[in-house]
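In: Sequence isn't available, so here's the structure alone:
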């Protein structure tokens, strides 16, 4: 899968040319590094990434300026049949076509670290899932965590992350599920491919920021320095409300944290 290295090199070159952003940069005008994964299952640390995409977005150029890198990875563990039914990857395909995880996962972490050094946020829809899956794979293969590759404090919370799901829950009062598919429909984002494909999902998630910033100006005006605390508070407020709903129906409340 040497083609993946070529796209990785192009992404690294684009990151080197990207501007250094300040904490005063507003989300609506910020460069973004979109991230999405497909995995063997849903348990970080036990399951593994089998496909990943990073998309660097220049807000001035939009789609035509995107720099993308894609990876297909041999996880050296079996696909959960339910996950395979969703993402289409099979054990045989991954064994034949996948990169070795030590190479692929290291490249992904290097690219994210390069963006973090430029204060370019990592954007992922339901970000804890993808971030924790990456952390699990880095631990499994004894590779440095992203935060250990930067000048920031070596903790997962030091990553600068944008989560459109958290933002949407905070500003949109619509009812019903908030899958990526339904959320992009709500904001008028037209997908560039089929959902549950890492590249299509990544581009769609990055595309959400522009209409979110237009429809809800307070989102676009968020500075990068405010972003993480704002999202943590938004998640906590949503979880408190959701737990009240769960408990009213005799169901177990959630006690998870965001990032």
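Out: Cool, the structure landed. This one's a predicted model, so the numbers in the text were calculated from it and none came from an experiment.
In: In a helix, residue 51, correct?
Out: No: checked against DSSP: H, G, I helix; E, B strand; the rest coil, residue 51 lies outside a helix; its state is strand.
In: Grab the nearest non-local neighbour of it.
Out: residue 38 (4.1 Å; Cβ to Cβ, 6 or more residues apart in numbering). (C-beta placed from N, C-alpha, C; glycine too.)
In: got the contact list for the one you found?
Out: 49-52, 83, 87, 89, 196-198 (Cβ atoms under 8 Å, 6 or more residues apart in numbering).
In: where does it land on pLDDT?
Out: Note for residue 38: predicted pLDDT of 94.
In: Kindly confirm my reading that it is in a helix.
Out: No: read with three-state DSSP, residue 38 is strand and lies in no helix.
In: Lowest-confidence member of the contacts of residue 38, which is it?
Out: residue 196 (64).
In: quick one: the residue nearest to residue 51 and residue 231, what's the gap?
Out: Applying Cβ to Cβ, to the nearest Å, one obtains 24 Å for the distance of residue 38 from residue 231.
In: hang on, the earlier thing: between the contacts of residue 38, which is nearest residue 145?
Out: Among the contacts of residue 38, residue 49 lies closest to residue 145 (Cβ to Cβ), at 14.6 Å.
In: you'd agree the closest one is up against residue 132?
Out: No: taking contacts as Cβ atoms under 8 Å, residue 49 lies outside contact range of residue 132: 10.9 Å.
In: which stretch of helix or strand covers residue 54?
Out: Using DSSP states H and E, residue 54 maps to strand 49-57.
In: Mind listing the strands that strand pairs with, and their directions?
Out: strand 32-39 (antiparallel), strand 67-72 (antiparallel) (DSSP bridges).
In: tell me which residues of that strand are tucked away?
Out: 49-57 (16 or more other Cβ atoms under 10 Å).
In: Now for these: which two are most distant?
Out: Pairwise distances across the buried residues of strand 49-57 (Cβ to Cβ) peak at 24.1 Å, for the pair 50 and 57.
In: so how far is residue 123 from the closest residue in space to residue 201 that isn't next to it in sequence?
Out: Take residue 201 and drop its neighbours on the chain: the residue closest to it by Cβ to Cβ, 6+ apart is residue 36, 4.3 Å away. Look at residue 36 and residue 123: by Cβ to Cβ, they are 9 Å apart.
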